[in-house]
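Visitor: Provide a 3D model corresponding to the input given below.
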Amino acid sequence: MANRYGGRYSPDGSHRDHRNQASTPMPPAPIRHPLESRPKWVTIAATPFLLNAFFQAPVGMISDLAAFGLIASGMWMTREGLVAEAAYQVRRVARRPAIPRKLFGGLLAAVGLGVGAAAPEAVTGGVLVGIAGMALHFLSFGADPLRDKGATGVDSFQQDRAQRMVDEGEALLAEMKDAILRAGDRRLEGRVAMFAATVDELFDRVRDNPGDLSGARRYMGIYLMGARDATIKFANLYARTRDQEIRASYEKFLDDLEKDFKARSRKMLNSDRDDLDIEISVLRDRLEREGVRASEPAAITSQDAQTLDELLSYDVTKDKEKAR
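Guide: Model prediction:
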């Protein structure tokens with residue numbers, strides 16, 4: 001489907017002046033692993049198995065086709081593992097991937113190399129080639145994340161509930177992004193992407209503190225569902241009429257909804273800060289009841305210490321005696 005072009009001199013007048021367009025924030029770049037393109041090249045390198053398969057005997061054809069299929073499947077699984085690892089690395093609190101996709105991808109690629117290199121009289125050579133391919137796969141792509149990150153002190157049951165709600169919210173956002181494509185307007189697509197980035201901030205707050213899920217539930221469910229339904233209706237209507245009043249009303253709707261999500265994220269952050277202050281004050285009270293009082297270290301005001309070693313070995317009591 002062709003995208004409608006718009007600029008400063010567009011006849012519909014829906015686009016702003018280039019000075020205003022320069023100040024319009026761009027949607028955030030998608031999260032990508034730096035090695036995400038490597039599996040594609042490995043799959044391309046395995047195409048000789050596919051091309052030579054049709055010029056061999058039936059046994060050779062089947063083995064070459066199986067080799068290419070196993071390598072391509074392994075690289076697809078490896079790429080999925082890299083995508084999962086990128087999402088794991090960018091989050092402060094994350095569960096390890098349930099399936100070690102890179103490990104399984106390496107095993108499939110190794111078996112594919114072994115099948116492609118094996119011959120009836122040289123099975124050992126195929127096994128060695130497969131082992132070498134597995135080692136090279138590990139050196140090229142690394143291992144899957146094997147431990148949870150930032151999950152200390154987090155209730156696993158609450159975290160699972162929060163993750164289910166986040167998954168449902170991300171599905172609604174994906175439907176919203178897909179619906180706005182029918183409008184055929186790149187600026188509206190970018191505006192929806194900016195709104196999705198704001199919602200992702202709320203998702204991150206919920207992941208960090210699953211105990212606040214009850215307060216954010218209606219934002220992640222009812223509000224996002226309403227935003228998706230409104231986007232579907234707007235995209236269908238705007239694609240037919242190109243009514244600028246409807247467009248302005250939809251953009252105002254996104255602005256108001258985005259402010260609500262930002263306010264909720266700030267409220268959750270302030271709540272976490274208040275909880276921390278309460279914990280610190282309670283701990284201080286307990287220490288004072290035990291007779292332990294925090295004392296401030298004496299300030300060093302002398303000009304005699306000119307180096308770090310002299311500063312560390314300087315006797316503060318001398319300054320106190322001089323002051324007396």
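Visitor: Flag every buried residue along the host helix or strand of Thr78.
Guide: According to DSSP states H and E, Thr78 maps onto helix 58-90. Within helix 58-90, the residues that qualify as buried are 63-86, 88, counting by 16 or more other C-beta atoms under 10 Å. Where you see a C-beta, it was placed from the backbone N, CA and C, and this is true even at glycine.
Visitor: For the one helix or strand Ala162 maps to, list every residue counted as buried.
Guide: Using DSSP H and E, Ala162 falls within helix 156-180. Judged by neighbour count using 16+ other C-beta under 10 Å, the buried positions of helix 156-180 are 159, 161-163, 165-166, 169-170, 172-173, 175-177, 179-180.
Visitor: Can I get the following helix or strand past it as CSV, trimmed to CA atoms?
Guide: Downstream of helix 156-180, the next assigned helix or strand under DSSP H and E is helix 186-208. Output of helix 186-208 as CSV, limited to C-alpha atoms (Å, rounded to 0.1, in the frame of the first residue of the first chain):
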residue,chain,number,x,y,z
ARG,A,186,3.5,8.7,8.3
ARG,A,187,3.2,11.6,10.8
LEU,A,188,0.3,9.9,12.5
GLU,A,189,2.2,6.6,12.6
GLY,A,190,5.0,8.4,14.3
ARG,A,191,2.6,10.0,16.8
VAL,A,192,1.2,6.6,17.7
ALA,A,193,4.8,5.3,18.1
MET,A,194,5.5,8.2,20.5
PHE,A,195,2.4,7.3,22.5
ALA,A,196,3.5,3.6,22.6
ALA,A,197,6.9,4.8,24.0
THR,A,198,5.1,6.6,26.8
VAL,A,199,3.1,3.5,27.6
ASP,A,200,6.3,1.4,27.6
GLU,A,201,7.5,3.6,30.5
LEU,A,202,4.5,2.5,32.5
PHE,A,203,5.2,-1.1,31.6
ASP,A,204,8.7,-0.7,32.9
ARG,A,205,7.4,0.7,36.2
VAL,A,206,5.1,-2.3,36.6
ARG,A,207,7.9,-4.7,35.9
ASP,A,208,10.1,-2.9,38.4
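Visitor: Going by neighbour count, list what's buried in helix 186-208.
Guide: Here helix 186-208 shows 187-189, 191-196, 198-200, 202-208 as buried, counting by 16+ other C-beta under 10 Å.
Visitor: Give me the packing partners of the helix holding Ala162, helices and strands only.
Guide: On a contact count with 3 or more C-beta pairs under 8 Å, 6 or more residues apart in numbering; DSSP states H and E, helix 156-180 meets helix 186-208, helix 213-218, helix 224-241.
Visitor: tell me the average confidence for the first one?
Guide: Throughout helix 186-208, pLDDT has a mean value of 85.
Visitor: That helix vs helix 156-180, what angle?
Guide: On the basis of axes from the mean of the first three to the mean of the last three C-alpha atoms, to 10 degrees, helix 186-208 is oriented at 180 degrees to helix 156-180.
Visitor: helices or strands up against helix 186-208?
Guide: In this structure, helix 186-208 packs against helix 156-180, helix 213-218, helix 224-241, helix 244-289, with contacts taken as 3+ C-beta pairs under 8 Å, 6+ apart.
Visitor: Distance to Gly106 for those - can I get that in CSV?
Guide: Output for these, formatted as CSV (distance: least, C-beta to C-beta, whole Å):
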stretch, distance to Gly106
helix 156-180, 27
helix 213-218, 37
helix 224-241, 38
helix 244-289, 39
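Visitor: Tabulate these (JSON lines), appending mean pLDDT.
Guide: What follows is those, written out as JSON lines (pLDDT from 0 to 100):
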{"stretch": "helix 156-180", "mean pLDDT": "81"}
{"stretch": "helix 213-218", "mean pLDDT": "72"}
{"stretch": "helix 224-241", "mean pLDDT": "88"}
{"stretch": "helix 244-289", "mean pLDDT": "76"}
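Visitor: Mind checking these for the one nearest to Phe49?
Guide: helix 156-180 (35.5 Å; C-beta to C-beta).
Visitor: Give me the below-cutoff pLDDT ranges for the stretch 51-200 of the chain.
Guide: Under the criterion pLDDT under 70, the flagged ranges of the stretch 51-200 of the chain are 92-95, 119-122, 148-159.
Visitor: Which residue comes closest to Leu172 once chain neighbours are left out?
Guide: Sequence neighbours aside, Leu224 is the residue nearest to Leu172 in space, at 4.3 Å (criterion: C-beta to C-beta, 6 or more residues apart in numbering).
Visitor: That neighbour: neighbouring residues, count only.
Guide: 24 (other C-beta atoms under 10 Å).
Visitor: That one against Glu175, yeah?
Guide: No - at 9.4 Å, Leu224 does not count as touching Glu175 under the criterion of C-beta atoms under 8 Å.
Visitor: Run through the residues that contact the closest residue to Leu50 other than its chain neighbours.
Guide: The shortest distance from Leu50 to any non-neighbouring residue, by C-beta to C-beta, 6+ apart, is to Phe68 (4.4 Å). The neighbours of Phe68, taking C-beta atoms under 8 Å, 6 or more residues apart in numbering as the test, are Ala46, Thr47, Phe49, Leu50, Ala53, Gly112, Gly116.
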